[in-house]
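J.: Fold the following for me, if possible:
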Amino acid sequence: MKKRIISLLACGVVAAGATVGMTACKGDRGLTVWAPQTQQTLVKELVEEFKTANPDIKLKINVGVCGESEAYANLSKDGEAGADVYGFANDQLMNLKKAGVIARIGNTVVENLKKENDANSVEAGKIVESGEDRYYGYPYAADNGFFMYYDSTIISSEQAKTLEGVLEGCAAANKYFLFNMKDSWYVGSFFYGAGGDYTIKWDGTAIEEAKCDFDQKAEGTEYTYGQIAGTALMDLRANACFVNGTDTEIQQYANSNRLGAVVTGTWNANFLQEKLGAGYAATKLPTYRSSLTGEDYQLIPFAGYKLFGVNAQSKHIPEAHRLAAFLSGEHAQQKRFELGIGPSNLKVAASDAVKSNVALAALASQLSFAKIQESLPSNYWSSLDAFGTDIYGKIKPEDLDAKLTALISGLND
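T.: Reported below is the predicted structural model:
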């Protein structure tokens, strides 16, 4: 249920859990930038620095609250009333382009972005149109992924390498391993780890081809990638130390000292460091051993990026581009790192402070075992959500093939 709150100052709107600076006010509102709640103070400080460094820009600059995951949902309602500059997760790029709310970045600026940032983070903002590479995002974070935190007082670094070792350590200490089995973002790691793949071929912003090979047999076995992954998920669900790990459960189990290990991302780093204390440790995701093949498979998650976009419907596109470049630059990324946000900027990422950060070091080690998260259709997420929920609901082994058939059909739609 949406609630609209009219503000005499900014005509703000509160929608679906995000306070966004959308406005129907008459006249020139200046520039509006959206940022998550956790970055409000920082972004307001950066905006003031931007104004000082760019005295020729006389526009008023407003800061609204909108998380990166909510950017498309809010902009698609009314692009003209949305922010001029906004943060977004790179998997939303195609939808933002379809909605006509993201502006192309000039070639000279793109070359600078490539010099200053991780190559994949820049490519995350690319769309191939008519055979030409076109860029739409200013990268500012390279930490949109997940890995494993664990309590090193009960799980050794050797045990942390395998799911079996993690569960063994948890069982011995009467603690739990948390993994969000009902969330497609996490569930896919079992399928990609088994060797399966899902690819999308785009023609501009239209899907030309979607291909899923989860029904293909893994090399040297009689089992498909889907059967290996699905059975491993069922085996995990049956383990007495397993708990479905949403952020709510993570907080509950950590607060009650029952958390042995958890798969999550950097957003929980500070909380887990406080709760695990001297045992605070993190590493890449473990391998899992298939009860079907007897082989070990490395869990492979998505790795994504966060970028700033400029609204193509902005009345002040040149100024908006300058603001987006400033908010994603080296200085701004250094400031974000102080909030625990992993940088895409090469200089900031190379600093001793970043390298010594437990969570970011684990994320960096995970990138060698990750699949870059591209723009994906909604049926990808809904199909894997449904499959993981079914597994969590304790389906019988004899029902697995039917569930896999439905999953693959949904992914290929």
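J.: Please count neighbours and contacts with C-alpha atoms only from this point.
T.: Will do.
J.: so which helix or strand takes in the residue most central in space within the chain?
T.: Central residue of the chain (CA atoms, centre = their mean): Asn144, 3.6 Å from the mean position. Secondary structure assignment for Asn144, by DSSP states H and E: strand 138-145.
J.: Also Gly64?
T.: Taking DSSP H and E as the definition, Gly64 sits inside strand 61-65.
J.: ok, now Tyr86?
T.: strand 85-89.
J.: Next, the buried residues of the following helix or strand past that strand.
T.: Of the helices and strands lying after strand 85-89 in sequence (DSSP H and E), the nearest is helix 93-98. The neighbour-count criterion (16 or more other CA atoms under 10 Å) identifies 93-97 as the buried residues of helix 93-98.
J.: coming back round to it: ok, the strand holding Asn144: who's next to it in the sheet?
T.: Using DSSP bridges, the strands paired with strand 138-145 in its sheet are strand 302-310 (antiparallel).
J.: What mean pLDDT does the strand it pairs with get?
T.: For strand 302-310, the mean pLDDT works out to 95.
J.: what's the following helix or strand after it?
T.: helix 317-327.
J.: can you tell me the distance between the two ends of stretch 359-379?
T.: Taking CA to CA, to the nearest Å as the measure, stretch 359-379 stretches 31 Å from start to finish.
J.: Now find how far off-centre that stretch is within its chain.
T.: A distance of 8 Å separates the centroid of the chain from that of stretch 359-379, by CA atoms, centre = their mean, to the nearest Å.
J.: count of neighbours near the nearest residue to Lys60 once chain neighbours are set aside?
T.: By the measure of CA to CA, 6 or more residues apart in numbering, the closest residue to Lys60 outside its immediate chain neighbours is Gly30, 4.8 Å from it. Gly30 has 16 neighbours, counted by other CA atoms under 10 Å.
J.: who's in contact with Gly30?
T.: If you count contacts by CA atoms under 8 Å, 6 or more residues apart in numbering, Gly30 has them with 59-62, 316.
J.: what's the answer for Tyr186, then?
T.: Neighbour list for Tyr186: 179-180, 301 [criterion: CA under 8 Å, 6+ apart].
J.: Give me the pLDDT for it.
T.: So Tyr186 comes in at 96 (pLDDT).
J.: any idea which element it lies in?
T.: Counting by DSSP H and E, Tyr186 is found in helix 184-194.
J.: Return the distance of that helix from the chain's centre.
T.: For helix 184-194, the distance to the chain centre is 14 Å (CA atoms, centre = their mean).
J.: try stretch 117-137
T.: Computed by CA atoms, centre = their mean, the chain-centroid distance of stretch 117-137 equals 18 Å.
J.: buried set for that stretch?
T.: 117-118, 120-127, 134-137.
J.: likewise stretch 362-379?
T.: So for stretch 362-379, counting by 16+ other CA under 10 Å, buried means 362-364, 366-367, 369-377.
J.: Could you give the number of residues near the closest residue to Leu327 other than its chain neighbours?
T.: Leaving aside its chain neighbours, Leu327 sits nearest to Leu46 (6.9 Å; criterion: CA to CA, 6+ apart). Residues near Leu46, counting by other CA under 10 Å, number 18.
J.: next one: Ala278
T.: Neighbours of Ala278 (other CA under 10 Å): 11.
J.: So it lies in a helix, does it not?
T.: Yes: counting by DSSP: H, G, I helix; E, B strand; the rest coil, Ala278 falls inside a helix.
J.: Average pLDDT for the strand holding Asn144, rounded please.
T.: Rounded mean pLDDT across strand 138-145 is 94.
J.: which residues sit against stretch 66-77?
T.: 15, 18-20, 34-37, 81-83, 86-89, 92, 95-96, 99, 101, 306.
J.: Just after the host helix or strand of Ser121, pick out the following helix or strand.
T.: Using DSSP H and E, Ser121 falls within helix 119-123. Downstream of helix 119-123, the next assigned helix or strand under DSSP H and E is strand 126-129.
J.: and that next one, which strands flank it?
T.: Strand pairing for strand 126-129, using DSSP bridges, gives strand 132-135 (antiparallel).
J.: mind saving the C-alpha coords of the helix or strand containing Val354 as CSV?
T.: Following DSSP H and E, one finds Val354 within helix 352-355. Taking Å, rounded to 0.1, in the frame of the first residue of the first chain, the C-alpha atoms of helix 352-355 are listed here in CSV:
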residue,chain,number,x,y,z
ASP,A,352,46.1,-1.0,2.3
ALA,A,353,42.8,-0.2,4.1
VAL,A,354,40.7,-1.9,1.5
LYS,A,355,43.0,-4.9,1.2
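J.: average model confidence for that helix?
T.: Rounded mean pLDDT across helix 352-355 is 93.
J.: Strands of the stretch 251-400 of the chain, start to end?
T.: 259-264, 280-283, 287-289, 296-298, 302-310, 371-372 (DSSP state E, counting those that start in this stretch).
J.: Quick check: which of those strands is nearest to Tyr149?
T.: strand 280-283 (4.1 Å; CA to CA).
J.: before we move on, back to that, walk me through which strands the very next helix or strand once past the strand holding Asn144 pairs with, and which way each runs.
T.: For strand 138-145, the following helix or strand on the C-terminal side (DSSP H and E) is strand 147-151. Sheet pairing for strand 147-151, assigned by DSSP bridges, gives strand 259-264 (antiparallel), strand 280-283 (antiparallel).
J.: elements contacting the next helix-or-strand element following strand 147-151?
T.: Next along the chain after strand 147-151, taking DSSP H and E as the criterion, comes helix 163-173. Here helix 163-173 touches strand 176-179, strand 259-264, strand 287-289, going by 3 or more CA pairs under 8 Å, 6 or more residues apart in numbering; DSSP states H and E.
J.: Mind listing what's buried along helix 163-173?
T.: Neighbour-count burial for helix 163-173 flags 163-171 (criterion: 16+ other CA under 10 Å).
J.: How many residues are close by Pro139?
T.: For Pro139, the neighbour count with other CA under 10 Å is 36.
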